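A.B. asks: Pasting the sequence and the predicted coordinates here, then a few questions.
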Amino acid sequence: MVDYILLTFGILSIIIGLLGCVLPVLPGPPVSFIGLLLLNFSRWGHFSLSFMLIMAGLAVVVTILDYIVPVWGTKKWGGSRAGVWGATIGLIAGLFFFPPVGIILGPLVGAVLAESLKGEAFQKSFHAGLGALFGFFIGIGLKLIASGIMTFYFFKALF
């Protein structure tokens, strides 16, 4: 009975982890790792300690990079601290007010507005917004890869 409860919560964690790769309010890879951990405690999962440590490390590194990459993208493409904050606020606002399109366009619009309010020319503001959007997509890609790897091993252990 406990095995089936662990399996159920493990599957839910894997699903929520994958959703968390595109929804910024959910930490995708760490939740996917919890799914692997739950499966490991059941009769179906027999992962080695080194494998689990690698997956935990992957979840931590990707989660940290997810905060760094959009900032890097904004700065690399000419944005300032205001652009970074605008992209972050735009992402959160887009999530709540205009999902799912707002999740994609929120960082772009937020960075452009913040840079424009700071007095930058529209072209420079838009360029910084594109950097924020680019960084956001790279972050999503990294999270999807990490959670996808964990999902693969989760279901490989089942079948």
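C.D. replies: The structure has been received and is ready for your questions. Residues are numbered from 1 along each chain as shown.

A.B. asks: for the record, mean pLDDT for the longest helix that the chain contains?
C.D. replies: Longest helix in the chain by number of residues (criterion: DSSP state H): helix 122-158. What helix 122-158 shows for mean pLDDT is 91.

A.B. asks: Distance from it to the middle of the chain?
C.D. replies: Centre-to-centre, helix 122-158 and its host chain are 6 Å apart (C-alpha atoms, centre = their mean, to the nearest Å).

A.B. asks: For stretch 114-126, output the C-alpha coordinates as PDB.
C.D. replies: Extracted in PDB, the C-alpha atoms of stretch 114-126 (Å, rounded to 0.1, in the frame of the first residue of the first chain):
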ATOM      1  CA  ALA A 114      11.400  49.700 -17.200                       C
ATOM      2  CA  GLU A 115      14.100  50.800 -19.500                       C
ATOM      3  CA  SER A 116      11.800  53.300 -21.200                       C
ATOM      4  CA  LEU A 117      10.800  54.700 -17.800                       C
ATOM      5  CA  LYS A 118      14.500  55.100 -17.000                       C
ATOM      6  CA  GLY A 119      14.800  57.400 -20.000                       C
ATOM      7  CA  GLU A 120      16.400  55.000 -22.500                       C
ATOM      8  CA  ALA A 121      15.500  55.200 -26.200                       C
ATOM      9  CA  PHE A 122      12.900  52.700 -27.400                       C
ATOM     10  CA  GLN A 123      15.400  50.800 -29.500                       C
ATOM     11  CA  LYS A 124      17.700  50.200 -26.600                       C
ATOM     12  CA  SER A 125      14.800  49.300 -24.300                       C
ATOM     13  CA  PHE A 126      13.500  46.800 -26.800                       C
END
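
A.B. asks: which outside residues touch that stretch?
C.D. replies: 78-80, 82-83, 85-87, 89, 111-113, 128-129 (C-beta atoms under 8 Å, 6 or more residues apart in numbering). Glycine gets a C-beta too; all of them are placed from N, C-alpha and C.
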